[in-house]
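1. When you get a sec, could you give me coordinates for this:
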Amino acid sequence: MYSPDTTKYLIHLILQIEGVVDKPDVVGAIFGQTEGLLGEDLDLRDLQRTGRVGRIDVQITTKRGETKGEILISSSLDRAETALLASSLETIDRVGPCTAHVKVDRIEDIRVTKRRRIVERAKELLLEDFDEGSINSDELLDEVRETIRIEKLEYLGEEKVHAGPNVMDSDAIILVEGRADVINLLRCGIKNAVAVEGTNVPRIIVDLCSQKTVTTLLDGDRGGELILRELLQVAEIDFVAYSPRGKSVEEMSRKEIVKALRNKVPAVGVIDQPPADEKNEGAARAARAGIRAPTDADENEQSPRREWGPKPPSTLGEHMADVRDKKIARFLSPDYTVLLESNATDVEGALQNLNGDVEGVVVDRIIDQKLLDQLGGRDLEFVAARDFKGIIKRPLSIRLIKIG
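-> Numbers count the residues shown, from 1 in each chain. The predicted structure follows:
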């Protein structure tokens, strides 16, 4: 029996018949008119029976009284025998009662076709599967070190919260949301992170916050804000570091994490959503205490001349400390360089002339709802101000930070 796996050649013949015939007529003509033509060793029936020639595939179409088509015969004979067999088929001159013309179109070497496909596939594999095959010693070392760091992940308290190996021994810790955040910080070499594991703050977290200096680094989404609000209420938080908007801590690069931690702000200055009547309550408290509340006249006082030391402020905390009591406003870029500095009373006018990618503003004045709405239109990340009064609706995209 013929096996397709042994096929070496495929004979392509073109068939043209002056009349209408069917496939069995063509097959019958092939066997009938080649029988005994090439001797017993190359008899087509014997070759098929011994598996040296495959099935005869006939494809024909009939149109306007003529039949045209193609005949395909697979062969495992050698080149000479296959050529001889192909040429013998050209002697077929009748199919049934009709005159026929058969001509060899080509003899396809199946092995060449296979080799061509193999080469093309090898090219694809070379491009697709070996593009990351370059060996980088630093990457290999980082991968091994990362495995060691992750294996050092510890569990604290009855709640089994995930933590880095240095949390208990360190004087300062970093609160993150979950296990993936702790692992990412371990990858960056930060071993004193501990996971809050959701909005229900575990008892071990509250205890740690009462004993150590605590910085929160939560995701830059609504979930992170809610967890921060709860932490500020139930635990003693010292500093707040912010992730980029819409980005989770587990996705942050080492550079982004370091930048966020460098720009942490005191937790006492973090404003969430001051009540609407805070202004009135604050004024009443000030009156009872005999303290004069800030007035517009105070705001219009000329700001002192800015005098930077040998190194200009490079973090949000440094800018907040530098602006305090100087009655100035600084609009900062994403890398915390000063884009524009103005008098604190002229923030509204400065907004009209402001160009470039503004990350936020640090201003030594009180921010009210009207000015906050104007700042919200500039798509700022944060507003750090001396105080916030009469804020009824805080834009969700802006973080409010009080200059301590």
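2. My guess is residue 372 contacts residue 397. True?
-> No: judged on CB atoms under 8 Å, residue 372 makes no contact with residue 397 at a distance of 11.6 Å. For glycine as for every other residue, the C-beta is placed from the backbone atoms N, C-alpha and C.
3. More neighbours: the two, which one.
-> A count of neighbours by other CB atoms under 10 Å puts residue 372 above the other of residue 372 and residue 397, at 21 against 12.
4. Now do the contacts for that one.
-> Going by CB atoms under 8 Å, 6 or more residues apart in numbering, residue 372 touches 383, 388, 391, 394, 395, 398, 400.
5. Pick the one among these closest to residue 28.
-> Nearest to residue 28 among the contacts of residue 372: residue 395, at 87.3 Å, using CB to CB.
6. Can you give me every residue that contacts the closest residue to that closest one other than its chain neighbours?
-> Residue nearest to residue 395 in three dimensions, not counting chain neighbours: residue 376, with 3.7 Å by CB to CB, 6 or more residues apart in numbering. By CB under 8 Å, 6+ apart, the contact list for residue 376 reads 395, 397, 398.
7. Tell me which residue lies nearest the centroid of the protein.
-> The chain has residue 251 as the residue nearest its centroid, 9.3 Å off, counting by CA atoms, centre = their mean.
8. Compute the number of surrounding residues for the nearest residue to that one once chain neighbours are set aside.
-> Among residues not flanking residue 251 along the chain, residue 184 sits closest, at 7.9 Å (CB to CB, 6+ apart). Neighbour count of residue 184, defined by other CB under 10 Å: 20.
9. hang on, residue 184 packs against residue 253?
-> No: with contacts defined as CB under 8 Å, residue 184 does not count as touching residue 253, sitting 9.2 Å away.
10. hang on, the earlier thing: avg pLDDT for the helix or strand that contains the residue nearest to residue 251?
-> Here residue 184, judged by DSSP states H and E, is contained in helix 179-187. On average, the pLDDT along helix 179-187 is 88.
11. neighbouring contacts of that helix?
-> 146, 149-150, 152-153, 162-164, 174, 176, 191, 193-195, 197, 217, 219, 248-252, 254, 257.
12. Report the buried members of those.
-> Using 16 or more other CB atoms under 10 Å as the burial test, the contacts of helix 179-187 include 149, 153, 162-164, 174, 176, 191, 193-195, 197, 217, 219, 248-250, 252, 257 as buried.
13. Strands - which of the residues you listed land there?
-> 162, 163, 174, 176, 193, 194, 195, 217 (DSSP state E).
14. Quick one: the contacts of residue 376 as TSV, columns for pLDDT and distance to residue 87 too.
-> Listed next are the contacts of residue 376 as TSV, based on pLDDT from 0 to 100; distance: CB to CB, whole Å:
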residue	pLDDT	distance to residue 87
395	74	87
397	73	82
398	80	87
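15. among these, which are in strands?
-> Per DSSP E, these never map to strands.
16. and which of those residues is nearest to residue 239?
-> Nearest to residue 239, judged by CB to CB, of these is residue 398 at 19.5 Å.
17. Backbone dihedrals for that closest one, both of them.
-> Note on residue 398: its backbone torsions stand at phi -110, psi 130 [degrees, to the nearest 10].
18. got it, and residue 196?
-> When read as degrees, to the nearest 10, the backbone of residue 196 gives phi -80, psi -30.
19. any idea how far residue 213 is from it?
-> Applying CB to CB, to the nearest Å, the value for residue 196 to residue 213 is 17 Å.
20. With neighbour numbers in mind, choose between those two.
-> Taking other CB under 10 Å, residue 196 and residue 213 do not tie; residue 196 has more neighbours (23 against 14).
21. thought that one was touching residue 235?
-> No: using CB under 8 Å, residue 196 makes no contact with residue 235, being 9.2 Å away.
22. Specify the beta-bridge partners of residue 98.
-> Counting by DSSP bridges, residue 98 is bridged to residue 95.
23. surely it meets residue 22?
-> No: if you go by CB under 8 Å, residue 98 and residue 22 don't touch, sitting 11.3 Å apart.
24. What strand or helix carries residue 200?
-> If you go by DSSP H and E, residue 200 is not part of any helix or strand.
25. Could you tell me which ranges of this structure sit under the pLDDT cut-off?
-> Residue ranges of the chain with pLDDT under 70: 1-5, 129-135, 146, 148-151, 271-310, 404.
26. can you pull out the helices in it?
-> 23-34, 44-49, 79-89, 110-129, 137-151, 179-187, 203-211, 222-234, 254-262, 278-289, 296-299, 316-323, 347-352, 369-376 (DSSP state H).
27. Pipe the ones you listed into JSON lines and attach distance to residue 12 per row.
-> Shown next, in JSON lines, are the helices of the chain (distance: least, CB to CB, whole Å):
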{"stretch": "helix 23-34", "distance to residue 12": "14"}
{"stretch": "helix 44-49", "distance to residue 12": "17"}
{"stretch": "helix 79-89", "distance to residue 12": "9"}
{"stretch": "helix 110-129", "distance to residue 12": "12"}
{"stretch": "helix 137-151", "distance to residue 12": "53"}
{"stretch": "helix 179-187", "distance to residue 12": "61"}
{"stretch": "helix 203-211", "distance to residue 12": "78"}
{"stretch": "helix 222-234", "distance to residue 12": "67"}
{"stretch": "helix 254-262", "distance to residue 12": "63"}
{"stretch": "helix 278-289", "distance to residue 12": "90"}
{"stretch": "helix 296-299", "distance to residue 12": "93"}
{"stretch": "helix 316-323", "distance to residue 12": "77"}
{"stretch": "helix 347-352", "distance to residue 12": "78"}
{"stretch": "helix 369-376", "distance to residue 12": "75"}
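28. Looking at those, which is nearest to residue 102?
-> With CB to CB, the closest approach to residue 102 among the helices of the chain belongs to helix 79-89: 5.7 Å.
29. Report the distance from the closest one to the chain centre.
-> Offset of helix 79-89 from its chain centre (CA atoms, centre = their mean, to the nearest Å): 60 Å.
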